[in-house]
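Peer 1: Any chance you could fold what I've pasted below:
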Amino acid sequence: MSLLPLCSLLLASPTSLVQASSTAFSEQAWKRFHIYSLQTKTLVLNNPVSLSSNPCWSFAMGTSNPHSGQFLPSLKALFLNSSDPLSLYVAFSVCPHIKILSIHLPPSSAQDAKDAIQALTASAVLRAHSLTTIRLAHPTQRQSLSNLLALTSVRHVFVRFASTQPDDPIIPTFWNPGFVAITEAPTGRSLDTTYPSDRDQGVRDMFWRMALPPPPTRQLIVTGRSQLHDMVANHPSGPAPSQRFDVVHLSRNPNLISFVVSSRTGRIRGQIPENFRSSPAFTKTDSLLAQLAACRNLTAIVIDGIPFPPGDIITQMLQVLQGSPNMITFRFLPVAVSSAAFVETSIACLRDISVRCTNLVELAIPVDLWDMKTLSIPAKIHEGVSKMRKLYLVPTSGEFPPYTVEHSAHVAKYLYHLFPHLTPIASLCKQGDEVERAFWRDIDVIYSTVDFMRRR
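Peer 2: Prediction:
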């Protein structure tokens, strides 16, 4: 709900309020306002012109409200998108009892608006003991975010920062939240910015400082453009050149249950300097693998579109998977940082996965689909063992060579014996070309035929 309908209960014509006084609104009007406000759970403040143009509204509401201290008592979520006096008055008034606070002022907001947000967050530290969820898009000032994160009640944090270098570098300390989502605001600019750009240092510092304390964060999601993912998953994050943010975060949070790092672009520019490709952050993956293996409570690992050096990283990640008995979702779809290919992993690896990862429901990995020499169909169908439903196999060669019906039939029977409860694989092939989709459609037809004949 917006504020304008509620305020119309106090005064028939919002523009007729010309002066503030303790008798601006009648007691009867306040009673109507209070009755309707008891039903208001969510409030969106979007700078209504008829109200914000007159600063008398906030003063009059503050001085004539007979229900002092009970302004919008049932409100649970406040979305503050304006810094006009009335919106700020409401925000300060409801701060003690709301559970969700979202702040997203226009990018053109003046400095006094930013100062007001800083004052609001400072007040929240002392009064907002019910706050559990923070959404901060603009302004993302360091002090404002630090104020909100000082609240011990906060459990979910969503931060959206601009892709330009901030005047006040964001260096938050996440002590309490169990879920942190950090997003880079889109700018509409080309992704072919200088790589890496100078402004990235400020963002890198932010991630480094965020990883320093030992927070009990259980889920971390980072989304943005190529430079942002690279910073989180593959760059040195701070003063220690061999340390990476994802590794630091994993080592600080051994009870992590979900680890997700994905790229929107899914491509690597060919003109990246060779010395950048040879950075230890790209070439050394031992610490990442060790920390993933140490997180015994992981139920989901998603690493999608992130650059890795050529080598046997696929085999190494599958070893992590097979040592994680609680894993439910495993998606490892890396991007080669150079023209050299990854060491291929045979499709025969699925046999060990089906035996050791019985809780696995979703699997997406690159494999060599054409290695028929080591592909033997199991004697028994894993009917009561496998829980696998979604399977997406990407060819490590990057393209599909010609295939025969015999080849498709062999692969389909192999998959059915290992994972007899799969959904159609072709439906999951959203990024492949027509040849790849045709291959999986053939597999699906043979797979369903085998299932039908077996159950007759």
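Peer 1: can we go C-alpha only for contacts and neighbour counts from here?
Peer 2: Will do.
Peer 1: hmm, who's touching the longest helix seen in the chain?
Peer 2: Longest helix in the chain, counting residues (DSSP state H): helix 434-455. Helix 434-455 is contacted by residues 399-400, 408-409, 411-413, 415-416, 420, 424-426, 429 when judged by C-alpha atoms under 8 Å, 6 or more residues apart in numbering.
Peer 1: so residue 317 makes contact with residue 288?
Peer 2: No. Between residue 317 and residue 288 there is no contact under C-alpha atoms under 8 Å: 9.9 Å.
Peer 1: Helix, strand or coil: sort out residue 359 for me.
Peer 2: Counting by DSSP: H, G, I helix; E, B strand; the rest coil, the backbone at residue 359 sits in coil.
Peer 1: For the stretch 151-300 of the chain, give me the ranges with low pLDDT.
Peer 2: 161-179, 182, 184-252, 263-283 (pLDDT under 70).
Peer 1: quick revisit: got a PyMOL select line for the buried ones in the contacts of helix 434-455?
Peer 2: Selecting only the buried entries of these in PyMOL, with 16 or more other C-alpha atoms under 10 Å as the criterion:
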select buried, resi 400+408+409+411+412+413+415+416+420+424+425+426+429
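Peer 1: Touching, residue 98 and residue 71? I think so.
Peer 2: No. In this structure, residue 98 is not within contact of residue 71 by C-alpha under 8 Å, at 11.3 Å.
Peer 1: any residues in contact with both of these two?
Peer 2: Common neighbours of residue 98 and residue 71 (C-alpha under 8 Å, 6+ apart) do not exist.
Peer 1: Who has more neighbours out of the two?
Peer 2: residue 98 (24 against 20; other C-alpha atoms under 10 Å).
Peer 1: Report the contact partners of the more buried one.
Peer 2: If you count contacts by C-alpha under 8 Å, 6+ apart, then residue 98 has 75, 76, 77, 78, 128, 130, 131 around it.
Peer 1: ok, now with 6 Å
Peer 2: Counting by C-alpha atoms under 6 Å, 6 or more residues apart in numbering, residue 98 makes contact with 75, 76, 77, 131.
Peer 1: List phi and psi for the closest residue to the last one other than its chain neighbours.
Peer 2: So that's residue 131. Nearest non-adjacent residue to residue 131, counting by C-alpha to C-alpha, 6 or more residues apart in numbering: residue 99, 4.1 Å away. With angles defined as degrees, to the nearest 10, residue 99 sits at phi -100, psi -30.
Peer 1: Which residues are in contact with residue 357?
Peer 2: Per C-alpha under 6 Å, 6+ apart, neighbours of residue 357: residue 325.
Peer 1: do that again at 7 Å, thanks
Peer 2: Shown in contact with residue 357 (C-alpha atoms under 7 Å, 6 or more residues apart in numbering): 322, 325.
Peer 1: Could you do the one 5 residues further on as well?
Peer 2: Neighbouring residues of residue 362 by C-alpha under 7 Å, 6+ apart: 328, 329, 330, 388, 389, 390, 391.
Peer 1: Columns distance to residue 180 on top of the contacts of helix 434-455, output as TSV?
Peer 2: Listed next are these as TSV, based on distance: C-alpha to C-alpha, whole Å:
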residue	distance to residue 180
399	37
400	39
408	43
409	45
411	41
412	40
413	42
415	37
416	39
420	37
424	33
425	32
426	33
429	30
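Peer 1: quick revisit: show me what contacts the residue nearest to residue 131?
Peer 2: 76, 77, 130, 131, 132, 133.
Peer 1: Which parts of this structure are strands?
Peer 2: 42-45, 77-80, 100-104, 133-138, 156-161, 179-184, 219-223, 258-262, 300-308, 329-336, 362-367, 390-395 (DSSP state E).
Peer 1: Any chance of CSV for these, columns distance to residue 441?
Peer 2: Below are those laid out as CSV (distance: least, C-alpha to C-alpha, whole Å):
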stretch, distance to residue 441
strand 42-45, 47
strand 77-80, 47
strand 100-104, 45
strand 133-138, 43
strand 156-161, 40
strand 179-184, 36
strand 219-223, 32
strand 258-262, 27
strand 300-308, 24
strand 329-336, 21
strand 362-367, 17
strand 390-395, 13
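Peer 1: nearest to residue 456, of those strands?
Peer 2: strand 390-395 (24.4 Å; C-alpha to C-alpha).
Peer 1: Listing partners with orientation, what would you give for the closest one?
Peer 2: According to DSSP bridges, strand 390-395 has the following sheet partners: strand 362-367 (parallel).
Peer 1: circling back: of all the strands of the chain, which lies closest to residue 148?
Peer 2: strand 133-138 (7.6 Å).
Peer 1: which strands and helices sit next to the closest one?
Peer 2: Here strand 133-138 touches strand 100-104, strand 156-161, going by 3 or more C-alpha pairs under 7 Å, 6 or more residues apart in numbering; DSSP states H and E.
Peer 1: Those: which one's closest to residue 356?
Peer 2: Nearest of the helices and strands packed on strand 133-138 (C-alpha to C-alpha): strand 156-161, 33.8 Å.
Peer 1: Just checking: what are the partner strands of that closest one?
Peer 2: strand 133-138 (parallel), strand 179-184 (parallel).
Peer 1: so can I have JSON lines of the ones you listed showing distance to residue 334 and mean neighbour count?
Peer 2: JSON lines is the format used below for the strands paired with strand 156-161 (distance: least, C-alpha to C-alpha, whole Å; neighbours: other C-alpha atoms under 10 Å):
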{"stretch": "strand 133-138", "distance to residue 334": "30", "mean neighbour count": "22"}
{"stretch": "strand 179-184", "distance to residue 334": "21", "mean neighbour count": "18"}
